[in-house]
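**Student:** Sequence and predicted structure are below.
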Amino acid sequence: MADAGRVPPGVKGAPDWLPPDAALFDAVEAAFLDTARLGGYERVRTPVFEHTEVFARGVGASTDVVQKEMYTFADKGGRSLTLRPEGTAGVVRAALEAGVPRSGGLPVKYAYAGEFFRHERPQAGRQRQFTQVGVEALGGTDPIVDAEVVLLGWEALARAGVRDVTLRLNTLGDRGDRGAYSERLNAYLDGVDDLPPDVEERRALNPLRAFDSKAPGMAAVMAAAPLLADFVSDAAREHHRTVVALLEAQGVPLTHDPRLVRGLDYYTRTTFEYQAATLGAQNAVGGGGRYDGLAEDLGWPDPFPGVGWALGVDRTVLALRQQGNVAPRPPRVTAFVVVAGSQLTAEAFATAAELRRAGVATDLLADGRGVRAQFKAADRAGARWAVVVGPAEAARGAVMLRDLASGDQREVARAALVSALETAAQE
RNA sequence: GUGGCCGUAGCUCAGUUGGCUAGAGCGCCGCGUUGUGGUCGCGGAGGUCGCGGGUUCGAAACCCGUCGGUCACCCCA
């Protein structure tokens, strides 16, 4: 621990990623973004903070996320800003601000990756700062867009190497359907004696959450409750049927989950979630849905529908680790310059610089330590080659090139070093 | 926000009913090889036992508090 006790600690729930784990993290993020690119989704970047009302109105004032999990603060001008707790509201806000709905070429397809912030109690798979990759297809109403998005997410997880993923799918119907259903469900709950406190508390915000209650007896109570499916309009039901048919034709093993209720208010019609079997309580590695009313919630005068998902990078890394994917430490460099004699330090420095310019990842340890220590460092760095800069060779305008795997070494003219490495690499 | 469990070297951990200068493995540094790594041998560095208080002749161990971590509830990706 040395003097670490004097150093201010990292913020609770804000993870550090160091080698070699950071490489695995990047690989997962890259796999997600690659998959999005294959679907024609273009990269966008939006700020990590927004005016608070973007989330209050977009995500929904009654949601847990907005009510108790946001990092909200006043800036110097007294405006209320919030660190983004999710990606969709900000991306849609940016699209509306740029006039995308009226610029034609719809739907537009966007992909993003970045950090998000929710003030929750950290646990396995849940940090206060976490990374998500997401896609949003904006301006399309056809169910084929929903199916494309769902399938892309499925394939993104496969591309990242996650096994044992299950896909849960549901339809929430349209806004009006859900309103009618909520009233009906509340009426039903009114007739139940001794509702558990958690249900009483939540039903005012969103009675659909009663389905999530694990209080004893609630399962039986909810089994007899009216079903959202019975309130879904014919149009929404037909939409859903088409999405399911398209996905099933692709062989995606989906599970219909009538209890899948997303906690963000903007969802309409299609909702879905990808769950990883190997994860613990936080087993949702991704999720999303359609949000046809979001643009209007944000103040846009016309309908501007959308569908999207977000995949959790941190959780995916966790799932991969639990599958036994430990990131093997990749070689840090391919060449390592070893100096024999302090009078050759400048020469070694120049050699390393030349190799780097030629595109060969190179390091050196010219701080006066012995050759033995330098070779040890070369080995630790995973270098394939050691380039020994010593007085004997230097006198001949050469260096010693040693293959660290085989132990073979030969003298190479200094001017021919780069090409020698290039030809050796081809063999 | 609520609850369970856990804090001993860089890492993983041991420390017997409270009792010598607090240990191991791995890692790190050096030497064996004053110009050669990965193996081996030898040596070395490194610890306010999370922190504060209490009990005791004596605390890493027991008690209280506190901070941190972790898992679960909740929520969600």
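**Tutor:** Right, received. Where do you want to start?
**Student:** contacts and neighbour counts: CA atoms only from here.
**Tutor:** Fine.
**Student:** Leaving out chain neighbours, which residue sits closest to the residue of chain A found nearest RNA strand B?
**Tutor:** Closest to RNA strand B within chain A is A:Gly263: 2.2 Å, counting by C-alpha to the nearest atom of the strand. Spatial nearest neighbour of A:Gly263, chain neighbours left out: A:Thr63 (6.4 Å); criterion: C-alpha to C-alpha, 6 or more residues apart in numbering.
**Student:** Could you check how far that neighbour is from A:Thr82?
**Tutor:** 15 Å (C-alpha to C-alpha, to the nearest Å).
**Student:** re the thing from before, is the residue of chain A closest to RNA strand B in contact with A:Val66, as I believe?
**Tutor:** No - taking C-alpha atoms under 8 Å as the definition, A:Gly263 is not a contact partner of A:Val66, at 10.4 Å.
**Student:** Now do the buried residues in the helix or strand bottoming out on mean pLDDT in chain A.
**Tutor:** Scoring the helices and strands of chain A by mean pLDDT, DSSP states H and E places helix A:197-203 at the bottom, with a mean of 73. Burial within helix A:197-203, assessed by neighbour count using 16 or more other C-alpha atoms under 10 Å, is assigned to A:Val199, A:Arg202, A:Arg203.
**Student:** Tell me who's in contact with the second one.
**Tutor:** Which is A:Arg202. Applying C-alpha atoms under 8 Å, 6 or more residues apart in numbering, one finds that A:Arg202 lies in contact with A:Arg209, A:Ala210.
**Student:** How many residues are close by the nearest residue to A:Ser342 once chain neighbours are set aside?
**Tutor:** Spatial nearest neighbour of A:Ser342, excluding adjacent residues (C-alpha to C-alpha, 6+ apart): A:Gly368 at 6.5 Å. By the measure other C-alpha atoms under 10 Å, the count of residues near A:Gly368 is 13.
**Student:** doesn't A:Gly368 fall inside a strand?
**Tutor:** No - counting by DSSP: H, G, I helix; E, B strand; the rest coil, A:Gly368 falls outside a strand, being coil.
**Student:** That one is in contact with A:Gln343, isn't it?
**Tutor:** No - counting by C-alpha under 8 Å, A:Gln343 is not a contact partner of A:Gly368; they are 10.2 Å apart.
**Student:** overlap in contacts of those two?
**Tutor:** Common neighbours of A:Gly368 and A:Gln343 (C-alpha under 8 Å, 6+ apart) do not exist.
**Student:** What are the boundaries of the helices in the stretch 101-250 of chain A?
**Tutor:** A:143-160, A:175-190, A:197-203, A:218-223, A:234-249 (DSSP state H, counting those that start in this stretch).
**Student:** looking at these, which is buried most?
**Tutor:** Most buried of the helices of the stretch 101-250 of chain A, by mean neighbour count (mean count of other C-alpha atoms under 10 Å): helix A:143-160, with a mean of 21.
**Student:** If anything else comes up later, I'll come back, but that's it for now.
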